[in-house]
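Asker: Below is the sequence, then the predicted model.
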Amino acid sequence: MSHPAFILLPGMAADERLFASQMHAFPNLQVPRWITPLPNESLRAYAVRLAPLVDPGRPCVVGGASFGGIVALEMAPHLRAVACVLIGSVRSPAEFSRRWRWLRPLAYLGPDRIGWLAGVLVRVGKQWLPRSTARRLERLSRPEAAFARWALCAVLRWQPSSAVKRVRVFHIHGEADRTLPVALTRPDVVVPGGSHALSLFNAGEVNDFLRRVLEWAEA
């Protein structure tokens, strides 16, 4: 196989700027934009609907960072994907931390009610909430955060398809990732001191990893 297409999906609150260094290092890299989710659409259904829109029509390596990695994993069986790359992401809900599991009941409120609740919490608890938490809640309550609210619900309710188990996965993770702790995952490479935003702050290590994956895919 030679020169498969290369596709990476960003995180739930990110865009192609997350992969600025990767786009420079790999000129053939495609970073699709998120499409608008349908009401109550599951993560799996969203991935199935996104797949034909990004399908290069030939063998590809697909992947993503965080939420993007999860969508890529569900999308891979619907593409001619030879591999899926996870950058600070997970292979299944079993790799979520206890904090994420505690949040699962919130998913059943739905994106709109979560936005409303986030706004209420900021107004009522701004004085006692940690500043970083208050900032995240305030951002989540904004109208432009509609996609992030849907993505949060979709991740919390994610039930992997059986086809995901057949996907060849290559996984890189940050040692200091607080969002998705590395101890609960099974990465091929752990970046010492690496945070959740690996592609931004550990671009060299990520690019070296991606280069090895692409060399494997082209062999």
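Answerer: All right, it came through fine.
Asker: Following the record's annotation, map out the domains of this structure.
Answerer: Domain assignment for the chain, taken from automatic domain parsing, gives 5-95+159-218, 109-153.
Asker: so how far is the first residue of the first one from its last?
Answerer: Between the opening and closing residues of domain 5-95+159-218 we find a distance of 10 Å, counting by CA to CA, to the nearest Å.
Asker: what's the next secondary structure element after the lowest-mean-pLDDT helix or strand in the chain?
Answerer: Scoring the helices and strands of the chain by mean pLDDT, DSSP states H and E places helix 131-141 at the bottom, with a mean of 83. Using DSSP states H and E, the next helix or strand after helix 131-141 towards the C-terminus is helix 146-156.
Asker: Not counting its own residues, what contacts that next one?
Answerer: Residues from elsewhere that reach helix 146-156, judged by CB atoms under 8 Å, 6 or more residues apart in numbering: 12-13, 34, 36-37, 41-43, 46, 67, 70, 100, 103-104, 106-107, 109-112, 114-115, 139-140. The C-beta positions use only the backbone N, C-alpha and C, and glycine is treated the same way.
Asker: ok, now stretch 164-175?
Answerer: 63, 73-74, 76-77, 81-89, 91-92, 180, 182, 185-196, 198, 202, 205-206, 209, 213, 216.
Asker: how far is it from where the chain is centred?
Answerer: In this view, stretch 164-175 has its centroid 12 Å away from the chain centroid, taken as CA atoms, centre = their mean, to the nearest Å.
Asker: Please consider this matter closed, and thank you.
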